[in-house]
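Peer 1: need the 3D shape of this:
(one chain, ligands or ions: 2)
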Amino acid sequence: MARATPLLKDELDIVIPTIRNLDFLEMWRPFFQPYHLIIVQDGDPSKVIKVPEGFDYELYNRNDINKILGPKASCISFKDSACRCFGYMVSKKKYIYTIDDDCFVAKDPIGKEINALEQHIKNLLSPSSPFFFNTLYDPYREGADFVRGYPFSLREGVPTAVSHGLWLNIPDYDAPTQLVKPLERNTRYVDAVMTIPKGTLFPMCGMNLAFNRELIGPAMYFGLMGDGQPIGRYDDMWAGWCTKVICDHLGLGVKTGLPYIWHSKASNPFVNLKKEYKGIYWQEELIPFFQSVALPKDCTSVQKCYLELSKQVKAKLGKVDDYFNKLADAMITWIEAWDELNPSAAATTTAAKLPHGSSK
Ligand SMILES: O=c1ccn([C@@H]2O[C@H](COP(=O)(O)OP(=O)(O)O[C@H]3O[C@@H](CO)[C@H](O)[C@H]3O)[C@@H](O)[C@H]2O)c(=O)[nH]1
Ligand SMILES: [Mn+2]
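Peer 2: Ligands and ions are numbered 1, 2, ... in the order given. Next up, the predicted model:
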């Protein structure tokens, strides 16, 4: 029987930020080989990154990024995994999956290898239900449905923009938690996918993440981190907070849960603490800011939402630290660069029809 064409084979790019050889791909070969990879090489551009034979990929190092973006390259972080967002920008595909190079194929409770990419695709291709919580989790999953009392007017759901996967073994803990619980491993496999309700923020981890680039790509800017910046390991968090408020505004869904990957390497908690510590107290001001963000009705595209967000970041967070003035400017540069590299798609995302006529 002819082998079925892998789902979204020509509509999805896999983006990998890296500072090392990509031997980890050997384990993913059965699942990733049919797909195009975009490798964003961080750090020393003269280092040669070895990619296993048989993968179709494009690789960008810092020299390439500077050449392609010119002065706008200033918005792409250096010496931090945040550089991965350059891969989102240069991709021409509808979907993105991004994974770290210390993430491997996990096994489910019956020992079956998990095709994380396949599960993310299922998550992205089925609707989300942000306006009313379904207690039986994902109602669109085989063998589940909406439970009694769930309004029929809401059962159509909304388009899914983001699929946030999880991790067995090394959990994505912040440095203080890592220091207090150095031996803790995540062994709990929760067989669930759920939509994060509208109005609720979440800590988006970039390790095992997929999204619909056409719906939400311009919001997936992994904020300025690494070399020359006062903070690290908040790039994905920043992108997640911006993405969620924009998804809520445009009536798009964000899911979390399956699939799991096996996260193999715990990074150094002391190095992590140095990177994170400002973020640990800044976020006590950032979260109330994002919770109070109101985007005007005329923000009908991701780009317009993002530029409005940048304005509010500068106005309300610039006083927290000058870093946020820089970040607000970098957010604008990111959109300019995005639209330069993606002219046809620029400013096209329109607000999905909100059920119940609900609006901001
Ligand atoms: O300077 C760098 C360092 C690393 N990378 C690449 O980025 C990912 C993640 O690196 P690593 O696994 O060492 O980091 P973690 O502490 O486990 O995870 C952090 O990364 C983010 C999640 O993706 C988040 O901030 C933390 O969870 C690997 O692919 C490295 O090769 C890099 O590009 N530049
Ligand atoms: Mn890691």
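Peer 1: surely Trp262 meets Phe104?
Peer 2: Yes: contact criterion Cβ atoms under 8 Å: Trp262 and Phe104 qualify, at 4.4 Å. Bear in mind the C-beta positions are built from the backbone N, C-alpha and C, glycine included.
Peer 1: and the chain, which residues reach ligand 1?
Peer 2: Contacts of the chain with ligand 1, taken as Cβ under 6 Å from any ligand atom, map to 17-20, 42-43, 79-81, 83, 100-102, 172, 205-207, 233, 235-236, 265, 267.
Peer 1: give me the buried entries from these.
Peer 2: By the neighbour-count criterion of 16 or more other Cβ atoms under 10 Å, the residues of the chain next to ligand 1 include these buried positions: 17-18, 42-43, 79-81, 83, 100-102, 172, 205-207, 233, 235-236.
Peer 1: got the phi and psi for Leu252?
Peer 2: Reported as degrees, to the nearest 10, the phi and psi values for Leu252 are phi -110, psi 160.
Peer 1: what do you get for Tyr97?
Peer 2: Per-residue torsions, Tyr97: phi -120, psi 130 (degrees, to the nearest 10).
Peer 1: re earlier: and the buried ones among the residues of the chain next to ligand 1 near ligand 2, which?
Peer 2: Among those, the ones lying near ligand 2 by Cβ under 5 Å from the ion are 100, 102.
Peer 1: please flag which of the buried ones among the residues of the chain next to ligand 1 sit within strands.
Peer 2: 17-18 (DSSP state E).
Peer 1: so which of the buried ones among the residues of the chain next to ligand 1 sit within helices?
Peer 2: Among those, DSSP state H puts 235-236 in helices.
Peer 1: which helix runs longest in the chain?
Peer 2: What stands out as the longest helix in the chain, according to DSSP H, is helix 269-292.
Peer 1: and that one, which residues are buried?
Peer 2: For helix 269-292, burial by neighbour count (16+ other Cβ under 10 Å) applies to 269, 272-273, 275-279, 282-283, 286, 289-290.
Peer 1: and the helix or strand just after it, what's its mean pLDDT?
Peer 2: The first helix or strand that comes after helix 269-292 along the chain, using DSSP states H and E, is helix 302-317. Across helix 302-317, the average pLDDT comes to 98.
Peer 1: so Pro139 makes contact with Asp145?
Peer 2: Yes: checked against Cβ under 8 Å, the pair Pro139 and Asp145 is within contact range at 5.3 Å.
Peer 1: between the two, which one's more packed in?
Peer 2: A count of neighbours by other Cβ atoms under 10 Å puts Pro139 above the other of Pro139 and Asp145, at 19 against 12.
Peer 1: apart from its neighbours in sequence, what residue is nearest that one?
Peer 2: Leaving aside its sequence neighbours, Pro139 sits nearest to Phe146 (Cβ to Cβ, 6 or more residues apart in numbering; 4.5 Å).
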